[in-house]
Structure formats: C-alpha cells, structure tokens
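>>> need a 3D model of the sequence below.
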Amino acid sequence: MPKIADIEPTPNPNAMKFILKEPLTWGITRSYDKAEDAKSDALAQALFDIEHVTSVFYVDHWITVTQDGKADWNELKRVIAVPIREAPAADAQSDQLMQDAAANFDASKMTPEDLERLDKINEILDEQIRPYLQNDGGDLYVVGLEGNKLSVHYQGACGSCPSSLSGTLTGIENLVRQIEPDIEVVAV
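Predicted structure coming up:
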C-alpha cells in the first residue's frame, strides 16, 4: 500500500503528480486516456470512478492524474489519495504489467535494420527526453517506426498538455534528426 510522499503540480494545470514512498510498478508504465481502457487495472478504474478524472498515468514511484478542469484541486487531491493509498505495491503486480507491456509492441514485423534504428532512437529518447517528461508527470512511448515516420504517444500529464503537441514534439523531432536526418515525428 503506497504512501504519498509529496504532491506536485505539473506544467499542465489540469494534471497533478503524486510522488509515492513505495513503487506501484518496476519500470512499467500504465497509461489510460479513458475509463474503458482501464477495466483490467483496479487502481486506474478506482480513480476514473472519481468525478472529473479524465486520465491516469503511473510508473514506479509516481502517478499523474488529470482532471477536466472543473474541480478544485485541493478537494480532488484528498479524494484521489484514497485509492492510491489502497493500491497494491509493485511486487504484487509487476509480473502481469510486464506481460501486458510486451504485448503492446510487435517487433517481429520489423526488419533488423529498423530494429537497430529504433534502438538508437529509444536510446536518445531515454537520455534526453523521457527524464524531463517524467519529471513533469508524463512520458512517451514509441508506437511505431515505418520508413521515415516515427509515431509516439504521450502519457500522463503530457497527454493533454498544449505544449506536448507543439514545442515538445518539435524538440523531439529535432533531436531524433541528429541520428535520422529525414525522419518525421508524429504524435498519435
């Protein structure tokens, strides 16, 4: 049962980041943009049952909850804290989360050359992009690489943040172009 160590605002005024003393997962992200997607996740479902909650994103020692902008954060934080404190810690759920994450990406359809390209892209994202997004209560993952088109999906606070589709996406594209000059990065 994770205890909340701190609660931080994010650059997205409708998202709040809850820092936990115990991890919810070990490196596996869980991201839900709507309640229907969270049916197999008890914590996310409990959070979506709270009025005004519009998305849930969590990994390791933190969880980001986004609201519709109609609730007072001081009141909403108290309500959100209850299911977070009741959630199982990482050891209780990590094996299933690892299996679920592996099922979301099918690398078997990629050529060895494209897999090598993707590894280089993920390496630069891991070093220079993801730590900043995670610090702000979000993240991104690569959805696909087809030819010169890299598809990424924002999670957590980044999913509905206005700057994620403009400045951040341009920054990611400029960074990835250092190793892939002709690549186009699109958010899906």
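>>> outline the domain layout of this structure.
4-101, 107-187 (automatic domain parsing).
>>> look up the residues forming beta bridges with the residue nearest to the spatial centre of the chain.
Most central in the chain under Cα atoms, centre = their mean is Gln155, positioned 3.2 Å from the mean C-alpha point. Note on Gln155: beta-bridge partners by DSSP bridges are Asp139.
>>> hmm, it is touching Val142, no?
No: Gln155 is beyond contact range of Val142, at 11.8 Å (criterion: Cβ atoms under 8 Å). Where C-beta positions appear, they are placed from N, C-alpha and C, glycine not excepted.
>>> ok so, going back, mind listing what the residue nearest to the centre of the chain touches?
Taking Cβ atoms under 8 Å, 6 or more residues apart in numbering, we find Gln155 in contact with 29, 31, 57, 138-141.
>>> for this structure, which helix is longest?
If you go by DSSP state H, the chain has its longest helix at helix 112-128.
>>> same question for it: list its buried residues.
For helix 112-128, the neighbour count (16 or more other Cβ atoms under 10 Å) marks 117-118, 121, 124-125 as buried.
>>> tell me the one of these nearest Asn12?
Set against Asn12, the nearest of the buried residues of helix 112-128 by Cβ to Cβ is Leu125 (19.9 Å).
>>> thinking again about what came up before, who are the packing partners of the following helix or strand past the longest helix of the chain?
Going down the chain from helix 112-128, the next helix or strand is helix 130-135, by DSSP states H and E. Here helix 130-135 touches strand 138-146, going by 3 or more Cβ pairs under 8 Å, 6 or more residues apart in numbering; DSSP states H and E.
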